[in-house]
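Student: coords below, sequence missing:
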């Protein structure tokens, strides 16, 4: 079946611009997670959703970052006033429930120039 | 604080030899432990997990991992390495946070290089 998909695969933007990153989870998965991975590091937790609500957003670095999942399926990570330090690979994952293993998408590589 | 440590940045092993990739953890409650593998330009793939039960867990591609509560370790193993096993391996732990929600914490990764 279809796995987790993320679009775009690459995004280059200028400092100060707004970006949206999209995640399409596996159908039927109730939990959805966003991570950020910098070079040489493991995935860093940002936020996760159980259904439509953000169950834990404590990993979002500041209020420039926001994520939504309005219908409990597709999610969008939004970054305002991007900074060069936001450059990283943003990973999305979904799982059937919180107790199950996560399935990851291929990631979106964000480069802020 | 919850944490996961992968003490080796890189592990080199000859093809056909057994391999071990180390992971230790620190959590407040009973841990759920996971191993993921990341191939170049691809997303993380689930290998195996420990939740409860037998300490030796078998997973995909012939990998297994041993949960050791007293040593707080969850080392990944394979009896005979293949060149195609060369990749980046991540250990992760799910812990129940004080807020009542779950947090997943990943290690920094270990690059496995299997030499022909």
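Tutor: Sure, I can see it. Because the structure is a prediction, the values reported are computed rather than measured.

Student: what's near enough to touch the residue of chain A found nearest chain B?
Tutor: Relative to chain B, the nearest point of chain A is residue A:42 (3.6 Å; CB to the nearest CB). Any C-beta I mention is one placed from the backbone N, CA and C, and that applies to glycine too. Counting by CB atoms under 8 Å, 6 or more residues apart in numbering or on different chains, residue A:42 touches B:4, B:90, B:92, B:106-109.

Student: Which ones among those lie within strands?
Tutor: Of the positions in the contacts of residue A:42, B:4, B:90, B:92, B:106 sit in strands, assigned by DSSP state E.

Student: Need phi/psi at the closest residue to residue B:55 other than its chain neighbours.
Tutor: Excluding its sequence neighbours, the residue lying closest to residue B:55 (CB to CB, 6 or more residues apart in numbering or on different chains) is residue B:67, at 4.5 Å. Backbone torsions of residue B:67, given as degrees, to the nearest 10, read phi -90, psi 130.

Student: For residue B:77, see how far away residue B:67 is.
Tutor: 12 Å (CB to CB, to the nearest Å).

Student: Equivalent analysis for residue B:65, please.
Tutor: Applying CB to CB, the value for residue B:65 to residue B:77 is 7 Å.

Student: what pLDDT does residue A:1 get?
Tutor: Looking at residue A:1, its pLDDT reads 57.

Student: Tell me what residue B:92 is bridged to.
Tutor: Taking DSSP bridges as the rule, residue B:92 bridges to residue B:34, residue B:106.

Student: buried set for the worst-scoring helix or strand of chain A on mean pLDDT?
Tutor: Every helix and strand in chain A was compared by mean pLDDT, DSSP states H and E; the lowest is strand A:53-56, with a mean of 84. Judged by neighbour count (16 or more other CB atoms under 10 Å in any protein chain shown), strand A:53-56 contains these buried residues: A:54-56.

Student: Next, count neighbours for residue 59.
Tutor: Since you didn't name a chain, this refers to chain A. Using other CB atoms under 10 Å in any protein chain shown, residue A:59 has 17 neighbouring residues.

Student: you looked at the wrong chain, it should be chain B
Tutor: Applying other CB under 10 Å, we find 18 residues neighbouring residue B:59.

Student: same check, this time on residue A:27
Tutor: By the criterion of other CB under 10 Å, residue A:27 has 9 neighbours.

Student: Backbone torsions only: list them for it.
Tutor: The phi/psi pair for residue A:27 (degrees, to the nearest 10) is phi -60, psi 130.

Student: on that earlier part again, which one of residue B:67 and residue B:77 is surrounded by more residues?
Tutor: Remark: of residue B:67 and residue B:77, residue B:67 carries more neighbours, 20 against 15, as counted by other CB under 10 Å.

Student: does residue B:104 sit in a helix or strand, and which one?
Tutor: strand B:102-106 (DSSP states H and E).

Student: pLDDT of that strand, averaged?
Tutor: For strand B:102-106, mean pLDDT is 84.
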